[in-house]
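1. what would the 3D arrangement of this be:
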Amino acid sequence: MRLYSLSVLYKGDSKVHLLKAAYDVSTFNFFQRSSVQEFMTFTSQLITERSALGSRASVKEQEYLCHVYVRSDGLAGVVIADNEYPQRVCFTLLDKVLDEFSRQVSKMDWPSGSPATINYSALDGYLSKYQVQTPGT
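-> Take a look at the predicted model:
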């Protein structure tokens with residue numbers, strides 16, 4: 001069971017944009033890593049765009065399961081995991097991350113923010129903390 005991506009996005013009036021993200025692409029071939037990461041960023045934005053405010057959903061995309069939570073204030077989180085990762089744990093993680101993010105990052109920064117301008121560094125820690133280690137890995 002693995003988590004591959006944890007993203008925080010903002011769903012504004014015109015479009016969805018990425019505020020911060022963490023990726024674990026270590027299980028992929030070195031030459032595939034950047035394209036896998038791009039795919040995960042694009043997929044996160046797409047399913048956030050297609051989700052209503054105040055909704056949660058789990059969407060199967062290729063061999064991944066994408067869990068999205070879009071709050072009513074437009075702040076959204078996406079976890080991309082393998083099919084075996086428990087859905088309940090993903091949504092618990094998204095709740096925790098979005099609550100913490102909204103306390104640490106001003107709501108005025110969400111519409112214009114980007115990964116380079118948003119100061120929030122907890123995603124990598126959450127991604128590794130919630131990673132389920134299987135024997136032999």
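2. looking only at pLDDT, what's the mean for stretch 1-10?
-> The average of the pLDDT scores along stretch 1-10 is 96.
3. mind listing what's buried along that stretch?
-> Of the residues in stretch 1-10, 2, 3, 4, 5, 6, 7, 8, 9, 10 count as buried by neighbour count, 16 or more other CB atoms under 10 Å. C-betas here are computed from N, CA, C, even on glycine.
4. how far does the host helix or strand of residue 56 sit from its chain's centre?
-> According to DSSP states H and E, residue 56 maps onto strand 55-61. Computed by CA atoms, centre = their mean, to the nearest Å, the chain-centroid distance of strand 55-61 equals 12 Å.
5. who are the packing partners of that strand?
-> Under the contact definition 3 or more CB pairs under 8 Å, 6 or more residues apart in numbering; DSSP states H and E, strand 55-61 sits against helix 33-49, strand 64-70, helix 87-104.
6. compare those and give me the one nearest residue 131.
-> helix 87-104 (11.0 Å; CB to CB).
7. what are the buried residues along the closest one?
-> For helix 87-104, burial by neighbour count (16+ other CB under 10 Å) applies to 89, 90, 91, 93, 94, 97, 98, 101.
8. so what touches the helix or strand just after it?
-> Remark: after helix 87-104, the chain's next helix or strand is helix 123-129, criterion DSSP H and E. Residues from elsewhere that reach helix 123-129, judged by CB atoms under 8 Å, 6 or more residues apart in numbering: 3, 5-8, 20-24, 93, 96-97.
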